[in-house]
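Peer 1: I would like to see how this sequence folds:
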Amino acid sequence: MIARLFHAWERRLVAVTTDRVVRPFDWGLDWLPDAARTESPAESLRAWAAAATAGSERFYSAPPAEGFRFDGHLLDYPSAVVTPHPENNVVRARYFAAERLRAAARGAARRAVVVLPQWNADAGAHVGLSRLIARFGISALRLSLPYHDTRMPPELHRADYIVSANIGRTLQVCRQAVLDARRAVDWLRTRGYQRIGILGTSLGSCLALLTAAHDRRITAAALNHISPYFADVVWEGLSTAHVREGLDGSVDLSLLRDLWMPISPAPYVERMRGKRVLLVYARYDHSFPVRLSRELVADFRRRGLDPEVFVLPCGHYSTGIAPFSWLDGYALIRFLARRV
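Peer 2: Residues are numbered from 1 along each chain as shown. Here you go, the predicted structure:
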């Protein structure tokens, strides 16, 4: 009965947003210039994805950024991926300095966390959480994801270009987000931060794991709403039903999982060995199906990685509503305060 109540509530919360657009399917090979062109776009992409996953160290590497501009609160710098939209090629971030007394009392003034919000987050999302992190003696650098808020070109009302029925674009833009986060770590290191963590929510959680798995400087990761596979969330999730509609008839789940494997957590779980990890999921989640969240937890444990796990007694969208937002914030900040 409780599950039915939460699922009905989640559907009502999703229905509040009425501007979702079903965009046409596209293989998106133009977004992957190094992909081979064969008679079968599906097989071209499958081969490219397998190579990118196997060579993920190269796929997720980028030269250090130059041209950081910081006014004491706002930071921007060039993205390592150049897209057709100039607005999206500059990374935007807000910096929240740790409260000095708290930081000094904890003897860890040089701790920082990179914060990656959820899909379609506006400019204010996770700002309150970042301020709370700073109050607990850890500086926070809150990034805007590609094609979000100030990085969104005029033709968009939602951040459709980071998750859509365009296969190649989704791959490239999610990769861009990871490289943006790695350059954020570069900047934090220039500021003298030695202990660096990362926090991500929903899509941001996936991107945070990909970043942490490929950056040795990140020692702790708080992953808020989780799944081992990018494709499965899009295929089954309540909030991505419009994306699924664009995919239907062109790909099946098995193929989609292979094509989006380079941006899925599953291949990189072993790379999290030695890092402190918090896995958070919601018991009544219809956007990140619970069986997928539990599958990722089980994979960590099967490998002996011993993550901390916190289960929220709510759904995906209701996580952002009190008192569930308080529980979520408590779990995240408690972990970061102890583990970064």
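
Peer 1: Can you show me the strands along the chain?
Peer 2: Secondary structure of the chain (DSSP state E): strands at 69-70, 74-78, 90-96, 111-116, 139-143, 195-201, 218-224, 276-282, 308-312.

Peer 1: Show me what the third one is packed up against.
Peer 2: Helices and strands in packing contact with strand 90-96 are listed as strand 74-78, helix 127-135, strand 139-143, helix 167-190; criterion 3 or more C-beta pairs under 8 Å, 6 or more residues apart in numbering; DSSP states H and E. Placement of C-beta: from N, CA and C, glycine included.

Peer 1: Report the contact partners of Asp149.
Peer 2: 92, 121-123 (C-beta atoms under 8 Å, 6 or more residues apart in numbering).

Peer 1: The spatially closest residue to Glu57 that is not a sequence neighbour: neighbour count?
Peer 2: Among residues not flanking Glu57 along the chain, His214 sits closest, at 6.7 Å (C-beta to C-beta, 6 or more residues apart in numbering). Neighbour count for His214, taken as other C-beta atoms under 10 Å: 20.

Peer 1: Likewise for Ser144?
Peer 2: Ser144: 26 neighbours (other C-beta under 10 Å).

Peer 1: Tell me which helix or strand in this structure has the weakest average pLDDT.
Peer 2: helix 100-106 (a mean of 55; mean pLDDT, DSSP states H and E).

Peer 1: What residues sit buried inside stretch 43-54?
Peer 2: 44-45, 48-49, 51-53 (16 or more other C-beta atoms under 10 Å).

Peer 1: Take those residues and keep only those in helices.
Peer 2: If you go by DSSP state H, the buried residues of stretch 43-54 have 44-45, 48-49, 51-53 in helices.

Peer 1: Of the helices and strands packed on strand 90-96, which is nearest Gly28?
Peer 2: Checking the helices and strands packed on strand 90-96 against Gly28 by C-beta to C-beta gives helix 167-190 as the closest, at 2.5 Å.

Peer 1: ok so, going back, nearest to Tyr161, of the strands of the chain?
Peer 2: Using C-beta to C-beta, the nearest of those to Tyr161 is strand 90-96, at 15.4 Å.

Peer 1: what residues does the closest one touch?
Peer 2: 70, 72-79, 127, 130-131, 133-134, 139-144, 149-151, 180, 183-184.

Peer 1: hmm, try it at 7 Å
Peer 2: Outside of strand 90-96, the residues within contact range by C-beta atoms under 7 Å, 6 or more residues apart in numbering are 73-79, 127, 130-131, 133-134, 139-144, 150-151, 180, 183-184.

Peer 1: Of those, keep whichever come out buried.
Peer 2: Using 16+ other C-beta under 10 Å, the buried members of those are 75-79, 127, 130, 133-134, 139-144, 151, 180, 183-184.

Peer 1: burial measure for Asp306, as a count.
Peer 2: By other C-beta under 10 Å, the residues close to Asp306 number 10.

Peer 1: Likewise for Phe68?
Peer 2: Phe68 has 18 neighbouring residues, counting by other C-beta under 10 Å.

Peer 1: Pull the contacting residues for it.
Peer 2: Here Phe68 is in contact with 75, 77, 187 (C-beta under 7 Å, 6+ apart).

Peer 1: Looking at those, which one is closest to Gln176?
Peer 2: Closest to Gln176, out of all of these and judged by C-beta to C-beta, is Tyr77, at 13.0 Å.

Peer 1: Any idea what the closest one is bridged to?
Peer 2: Val91 (DSSP bridges).

Peer 1: I'd like to know how far it sits from Arg110.
Peer 2: Separation of Tyr77 from Arg110 (C-beta to C-beta, to the nearest Å) stands at 21 Å.

Peer 1: and if you look at Gly274?
Peer 2: Taking C-beta to C-beta as the measure, Gly274 falls 20 Å from Arg110.

Peer 1: Repeat that for Gly192.
Peer 2: 6 Å.

Peer 1: With neighbour numbers in mind, choose between these two.
Peer 2: Set Gly192 next to Arg110 and count neighbours by other C-beta under 10 Å: Arg110 wins out with 15 against 9.

Peer 1: Show me where the stretch 201-340 of the chain has its helices.
Peer 2: Secondary structure of the stretch 201-340 of the chain (DSSP state H, counting those that start in this stretch): helices located at 203-213, 230-236, 241-247, 253-259, 290-302, 324-339.

Peer 1: Nearest spatial neighbour of Tyr229, chain-adjacent residues omitted?
Peer 2: Ser264 (4.9 Å).

Peer 1: Can you give me the pLDDT of Arg257?
Peer 2: Arg257 carries a pLDDT value of 98.

Peer 1: same thing with Glu10?
Peer 2: 76.

Peer 1: How about the contacts made by it?
Peer 2: Here Glu10 is in contact with 238, 286, 315-318 (C-beta under 7 Å, 6+ apart).
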